[in-house]
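# Dropping the sequence and predicted coords here.
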Amino acid sequence: MNQLQNFSKGFFRENPLFVLVLGLCPALATTTSAINGLGMGIATTFVLLGSNTVVSLISKFIPDKVRIPSFIVIIASFVTIVDLLMNAFVPELYEKLGIFIPLIVVNCIVLGRAEAFASKNKLATAVLDGLGMGLGFTMALGILGAFREIAGSGAIFNYKFINGDGILVFVLAPGAFIALGYLIAFINRIRNT
Amino acid sequence: MAKTESTFKNMLLTLTLIAFVAATCLGFVYELTRKPIEMSALKKKLDAIMMVVPEFTNNPDEEMFRVATGEGDSLDVYPAKKDGTITGYAVNSYTKNGFSGDIRIMAGFKPDGTINNIAVIEHKETPGLGTKMDEPAFKNQFIGKNPADFELRVNKDGGPVDAITAATISSRAFCDAVQRAYNSLFTGSEWDGSSGATDSNDSPGNNEPDKKGN
């Protein structure tokens, strides 16, 4: 597999949300609008990039038996950094995403990439993988968020194009499942042809 | 290069080292972001005060005092003064009846109890539904009304307030928060400081974030 593929696989062939179906908790909860989805995705990308980089650099020095606690400490540190930075510089977005920023720690994508990929690969490969996976996740959350915002509130990026309300269920929790289900079905249809 | 073996000494060393480096980085970032975080919280509060009270020349934040809610809690009140006379009060009120989590509002009253304006500071309501409580279409019906003769209840409960479509719970909660602000400030509950008995020990946390000396 060449380096370009390491980067691009996150977008489509191994998209964390649509294909691997990882990280569903933040994906379902934060995608009530396109902006929220993208914000969450970018925060996750930052953590993925950081954790993949560090894990790939030091995985040789970590004894096997304590690798999971080590990875978690590294990931938690990056999450806390994101949490503080967002609180300081984008307080409005931080407020909307709320508890889901600290919860990136337990996002399966982050630990999954650290354990399954970064710890076994060289730095450049791991960085590309983290970046690709993160941006793929961001893209997926953005699409899901945009879909729910358009259907649910008749708006996109807070710009309202209908008068009145949309199909309210798409903004509420069940709408997240419905929208994601259709999106996954749609992506699978494309992949299988 | 060979992988480090999983001996007790190696594991102890690795984890200690990782934890140490992580803690150092976090301490550094914390110091870096502490000021901006405080600033943005303060700015938000001041913006909300400025929005809800008539014009003022004093510094409401410095003259903040607390009133008891009568439920074992207290609210922060920011008096707005122009040339020494009180032009209004901004009350930092809350409700626990939100659709998801607490809602905090800044309710501005004129000295006679008329609502001047209301700003929503913090909420976790459903986007597209409950979030509309911060829009003029809903908020404006409160402006200029005096809770003494304007019942803070939604249509569904027999009151005069037009609830937001599909967000009756959020609308009710909003009314509850305004009512709490009005009651605490104007209807008889004792002032904090003269007797701290009612608000000293119960419900910790509600006002914690605002307890800054200056």
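Looks like it came in fine.
# Which strands and helices lie in contact with the helix or strand harbouring residue B:38?
Per DSSP states H and E, residue B:38 falls inside helix B:8-52. Using 3 or more Cβ pairs under 8 Å, 6 or more residues apart in numbering or on different chains; DSSP states H and E as the contact test, the elements touching helix B:8-52 are helix A:67-89, helix A:91-97, strand B:85-95, strand B:103-109, strand B:115-122. For glycine as for every other residue, the C-beta is placed from the backbone atoms N, C-alpha and C.
# The third one pairs with which strands, parallel or anti?
Read that as strand B:85-95. When pairing is defined by DSSP bridges, strand B:85-95 lines up against strand B:74-82 (antiparallel), strand B:103-109 (antiparallel).
# will you turn those strands into a markdown table that also has mean pLDDT and mean neighbour count?
As requested, the strands paired with strand B:85-95 are exported to a markdown table (pLDDT from 0 to 100; neighbours: other Cβ atoms under 10 Å in any protein chain shown):
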| stretch | mean pLDDT | mean neighbour count |
| --- | --- | --- |
| strand B:74-82 | 83 | 21 |
| strand B:103-109 | 87 | 26 |
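# quick one, which of the helices and strands packed on helix B:8-52 is packed in tightest?
Using mean count of other Cβ atoms under 10 Å in any protein chain shown, the stretch among the helices and strands packed on helix B:8-52 with the largest mean neighbour count is strand B:103-109, at a mean of 26.
# mind exporting it as PDB, just the C-alpha atoms?
C-alpha atoms of strand B:103-109 as PDB (Å, rounded to 0.1, in the frame of the first residue of the first chain):
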ATOM      1  CA  ILE B 103     -30.900  26.600  31.600                       C
ATOM      2  CA  ARG B 104     -29.200  29.800  32.800                       C
ATOM      3  CA  ILE B 105     -30.600  33.200  31.800                       C
ATOM      4  CA  MET B 106     -29.800  36.800  32.500                       C
ATOM      5  CA  ALA B 107     -33.100  38.500  33.200                       C
ATOM      6  CA  GLY B 108     -33.100  42.300  33.100                       C
ATOM      7  CA  PHE B 109     -35.700  44.200  35.200                       C
END
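# which other residues reach it?
B:45, B:48-49, B:51-54, B:88-95, B:115-123, B:125, B:133, B:170, B:173-174, B:177-178, B:181-182, B:185-186 (Cβ atoms under 8 Å, 6 or more residues apart in numbering or on different chains).
# Specify the angle between that strand and strand B:115-122 in degrees.
160 degrees (axes from the mean of the first three to the mean of the last three Cα atoms, to 10 degrees).
# quick check: angle from strand B:103-109 to helix B:8-52?
Using the same axes, to 10 degrees, strand B:103-109 lies at 30 degrees relative to helix B:8-52.
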